[in-house]
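Peer 1: sequence unavailable; structure follows:
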DNA sequence: TATCCGTGGCT
DNA sequence: TAGCCAAGGAT
């Protein structure tokens, strides 16, 4: 006979095994009445969307050191925030981050809404993030459903319906378990369980506080859950990027359009990127110059395609005016402000 | 509902 | 190496 999964059992486990994170208030401190700053919870949750804790930590520290409050962030220039986000990926998050900060200041007096529905109206805040902020920052019994929770619920209930079709079912299971006591700790506990015990591969069931309640454990199916729809193969696209240096050391860079891939980020001027099967991309030099082609190409994989970027370099005189982009003085140019693809291209082209 | 949107670590 | 995966949201 299988046990019933009890939130209390998970909380006991969490009291002993909660991982320290820069934005987290420990279970002991929460019991003493300490609640985290909603600004820091919001910022961390946006950064954590589809992103690992390890990757987020340094960005979180940098953002909160530079912009300690939502008012500070709301007042920041767009280009500063985009540059600070460079390398973290999914750049729409950074654009929405600013929109959200400015909305909180303009429409909510600089204070984050304390309800799920209020949070859900904010840019870049969806069902998961709204529930996470409500639970963690305000201790409201909101149910968080992220990839960890989906996996834990699929295993607890031995649910074989593939994702994303199974999402509503798994959400109902998660809602049924959410406790009225310590909902903030509980939300973090389920996600910690998924991240450290109920892992995608080789789950550590021997250490799991819910093993006695787990239908997948009983059936021996835990390693194959959750089922997922098969993924499509990524096509290969090719393009050309032009890395232009002026004789004074300035680099020719171009701000990408606000929407679409790498939207709002700095990059090297270039051609369209076309599917490899459609031939080779048309040259699109941003300035008149004598071009050298690098033997190495920049390779980078995005969410839905592989890119092979051919690199052209040139040195141009002071008086030469570009048709696209703007020259950035060497003392103002930081490769770390570029998205990873563009930084790879720079690393291949830069003088040693 | 399906597609678009990054990156780095791990196996 | 190539695929998988991570505290999703917008359209």
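Peer 2: Good, I have the coordinates. Just so you know, these numbers come straight off a predicted model, no measurement behind them.

Peer 1: C-alpha from now on. contacts and neighbour counts both.
Peer 2: Will do.

Peer 1: what does chain A put close to DNA strand B?
Peer 2: With the criterion set to C-alpha under 7 Å from any atom of the strand, chain A comes near DNA strand B through A:50-51, A:55, A:86-92, A:260-263, A:300-304, A:339-341.

Peer 1: what's the local residue count around the residue nearest to residue A:241 when sequence neighbours are not counted?
Peer 2: In this structure, residue A:241 finds its nearest non-sequential neighbour in residue A:270, 4.2 Å apart by C-alpha to C-alpha, 6 or more residues apart in numbering. Applying the criterion other C-alpha atoms under 10 Å, we find 23 residues in the vicinity of residue A:270.

Peer 1: ditto for residue A:225
Peer 2: A count of nearby residues for residue A:225, using other C-alpha under 10 Å, gives 23.

Peer 1: does it touch residue A:160 like I think?
Peer 2: Yes - between residue A:225 and residue A:160 there is a contact at 6.9 Å, judged by C-alpha atoms under 8 Å.

Peer 1: what touches both of these two?
Peer 2: Common neighbours of residue A:225 and residue A:160, using C-alpha atoms under 8 Å, 6 or more residues apart in numbering, are residue A:154.

Peer 1: all helices of chain A, in order?
Peer 2: Under the criterion DSSP state H, helices of chain A are mapped to A:7-17, A:27-31, A:38-47, A:53-66, A:70-74, A:78-85, A:92-108, A:116-120, A:127-138, A:147-156, A:167-177, A:183-196, A:215-219, A:340-349.

Peer 1: coming back round to it: for residue A:67, see how far away the residue nearest to residue A:241 is.
Peer 2: When distances are taken as C-alpha to C-alpha, to the nearest Å, residue A:270 and residue A:67 turn out to be 34 Å apart.

Peer 1: same question for residue A:51.
Peer 2: For residue A:51, the distance to residue A:67 under the criterion C-alpha to C-alpha works out to 21 Å.

Peer 1: what does residue A:346 give?
Peer 2: For residue A:346, the distance to residue A:67 under the criterion C-alpha to C-alpha works out to 29 Å.

Peer 1: repeat for residue A:48
Peer 2: Applying C-alpha to C-alpha, the value for residue A:48 to residue A:67 is 18 Å.

Peer 1: and residue A:199, by the same measure?
Peer 2: Taking C-alpha to C-alpha as the measure, residue A:199 and residue A:67 are separated by 34 Å.

Peer 1: quick one on the thing from earlier: including mean neighbour count, mean pLDDT and distance to residue A:245, could the helices of chain A go into CSV?
Peer 2: Converted to CSV, the helices of chain A look like this (neighbours: other C-alpha atoms under 10 Å; pLDDT from 0 to 100; distance: least, C-alpha to C-alpha, whole Å):
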stretch, mean neighbour count, mean pLDDT, distance to residue A:245
helix A:7-17, 16, 96, 53
helix A:27-31, 15, 96, 54
helix A:38-47, 22, 98, 34
helix A:53-66, 15, 97, 30
helix A:70-74, 20, 98, 33
helix A:78-85, 18, 98, 21
helix A:92-108, 19, 98, 29
helix A:116-120, 17, 97, 46
helix A:127-138, 24, 97, 43
helix A:147-156, 24, 96, 45
helix A:167-177, 16, 96, 51
helix A:183-196, 22, 96, 45
helix A:215-219, 17, 96, 59
helix A:340-349, 19, 96, 10
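
Peer 1: let's have these in a markdown table, adding distance to residue A:205.
Peer 2: Output for these, formatted as a markdown table (distance: least, C-alpha to C-alpha, whole Å):
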| stretch | distance to residue A:205 |
| --- | --- |
| helix A:7-17 | 13 |
| helix A:27-31 | 23 |
| helix A:38-47 | 27 |
| helix A:53-66 | 22 |
| helix A:70-74 | 41 |
| helix A:78-85 | 37 |
| helix A:92-108 | 35 |
| helix A:116-120 | 33 |
| helix A:127-138 | 26 |
| helix A:147-156 | 11 |
| helix A:167-177 | 19 |
| helix A:183-196 | 11 |
| helix A:215-219 | 8 |
| helix A:340-349 | 37 |
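
Peer 1: among the residues of chain A next to DNA strand B, which are in reach of DNA strand C?
Peer 2: A:50, A:51, A:90.

Peer 1: out of those residues, who has the most neighbours?
Peer 2: Within those, most neighbours by other C-alpha under 10 Å means residue A:90, with 18 neighbours.

Peer 1: can you pull the phi/psi pair for that one?
Peer 2: phi 40, psi 70 (degrees, to the nearest 10).

Peer 1: domain parsing for chain A?
Peer 2: Described in terms of automatic domain parsing, the domain architecture of chain A consists of the residue ranges A:7-224, A:236-349.

Peer 1: quick check: residues of the stretch 201-350 of chain A near DNA strand C?
Peer 2: If contact is defined as C-alpha under 7 Å from any atom of the strand, the residues of the stretch 201-350 of chain A in contact with DNA strand C are A:230, A:231, A:233.
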